[in-house]
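Colleague: missing the sequence, but the structure's below:
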């Protein structure tokens, strides 16, 4: 059984994968878009399989006020959680945010959480906390006003799903087919293709729309990303493989 977690990046074009993807007796995918990508890449292999995703269970003691007290941040803020890296689109995020801040101030601060692999000196409106513990991460997700995922190479964004568990709206890169697909299915966020769309999306995200998108995303995660449902998908596939 293979769980590819395939990304639409150049290494997937290597011919060695043709041999590997011909061998599994079963596949399990993270999203519909990932399954479609694999089917397009290996059209002669007859690849199919269920969507399992991953179980997302928030801790019981999430406290957004604790994060704001810890950081001293009182104003509305955007949040990114993940590896702070050019490969994750963080350089573009910093540039888009700087351009947005030059013309608007509804969201005056951008917070970055994650191991840093690039320069983030973008002025006092950008705060990079580096790697943090799980409690701080969850508190930040609950405290933010909008969660942003600028990466265009994702088969599934766990931090995006975690943001939805806290009823936070999300804004994602329009080139990330899997993330746009999740936003469409969840009704939980918007997507942008350039700096202008980034700014316009933030203008649209007034308190009422943020609340509605956040609640819709939260319902989606509760229905589709329960650990018990994910375990049932894997158990079914394993049983089929064993029975072959």
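Modeller: Arrived safely. These numbers were taken from a predicted model, which means no experiment stands behind them. Residues are numbered from 1 along each chain as shown.

Colleague: domain assignment for the protein?
Modeller: Split into domains by automatic domain parsing, the chain comes to 10-55+226-243, 64-224.

Colleague: winner for burial among the ones you listed?
Modeller: Of the domains of the chain, the one with the most neighbours on average (mean count of other Cβ atoms under 10 Å) is domain 64-224, at a mean of 18. To be clear about C-beta, it is placed using only N, CA and C from the backbone, and glycine gets the same treatment.

Colleague: for it, the averaged confidence score.
Modeller: Averaged over domain 64-224, pLDDT sits at 95.

Colleague: re the thing from before, residue 2 is nearest to which of the domains of the chain?
Modeller: Among the domains of the chain, domain 10-55+226-243 comes nearest to residue 2, with 4.0 Å by Cβ to Cβ.

Colleague: circling back to that earlier point, can I get the domains of the chain in TSV including distance to residue 4?
Modeller: Below are these laid out as TSV (distance: least, Cβ to Cβ, whole Å):
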stretch	distance to residue 4
domain 10-55+226-243	6
domain 64-224	8
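
Colleague: tell me the contacts of the closest residue to residue 113 other than its chain neighbours?
Modeller: Take residue 113 and drop its neighbours on the chain: the residue closest to it by Cβ to Cβ, 6 or more residues apart in numbering is residue 81, 4.7 Å away. Contact partners of residue 81, counting by Cβ atoms under 8 Å, 6 or more residues apart in numbering, are 113-114, 137, 140-141, 147, 159, 162-163.

Colleague: could you identify the most distant pair in those?
Modeller: Maximum pairwise distance in these, criterion Cβ to Cβ, is 13.7 Å, between 114 and 163.

Colleague: and the domains of the chain: which comes nearest residue 3?
Modeller: Residue 3 sits nearest to domain 10-55+226-243 of all the domains of the chain, at 4.9 Å, using Cβ to Cβ.

Colleague: what's the end-to-end length of the closest one?
Modeller: Start-to-end span of domain 10-55+226-243 (Cα to Cα, to the nearest Å) is 36 Å.

Colleague: chain center to that domain, what's the gap?
Modeller: Offset of domain 10-55+226-243 from its chain centre (Cα atoms, centre = their mean, to the nearest Å): 20 Å.

Colleague: kindly report the same for stretch 132-145.
Modeller: 15 Å.

Colleague: stretch 61-74 now?
Modeller: The gap between where stretch 61-74 is centred and where its chain is centred comes out at 22 Å by Cα atoms, centre = their mean.

Colleague: what of stretch 6-24?
Modeller: Per Cα atoms, centre = their mean, the displacement of stretch 6-24 from the mean C-alpha position of its chain is 23 Å.

Colleague: check which element follows whatever helix or strand residue 40 lives in along the chain.
Modeller: Assigned by DSSP states H and E, residue 40 falls within helix 32-41. Note on helix 32-41: by DSSP H and E, the next helix or strand toward the C-terminus is helix 64-71.

Colleague: which residues touch that next one?
Modeller: In contact with helix 64-71 (Cβ under 8 Å, 6+ apart) are residues 73-74, 111, 127, 129, 136, 139-140, 142-143.

Colleague: measure the closest residue to residue 162 other than its chain neighbours to residue 108 for me?
Modeller: Distance criterion Cβ to Cβ, 6+ apart; nearest residue to residue 162, sequence neighbours excluded, is residue 141 at 5.6 Å. Using Cβ to Cβ, to the nearest Å, residue 141 is found at 19 Å from residue 108.

Colleague: just residue 81 next, same as before
Modeller: Distance, residue 81 to residue 108, by Cβ to Cβ: 19 Å.

Colleague: before we move on, what about residue 187?
Modeller: In this view, residue 187 and residue 108 are 27 Å apart by Cβ to Cβ.

Colleague: equivalent analysis for residue 168, please.
Modeller: Residue 168 is 17 Å from residue 108, where distance means Cβ to Cβ.

Colleague: okay, strands next: where are they in this structure?
Modeller: Along the chain, counting by DSSP state E, strands occupy 77-81, 109-113, 126-130, 146-149, 170-173, 189-192.
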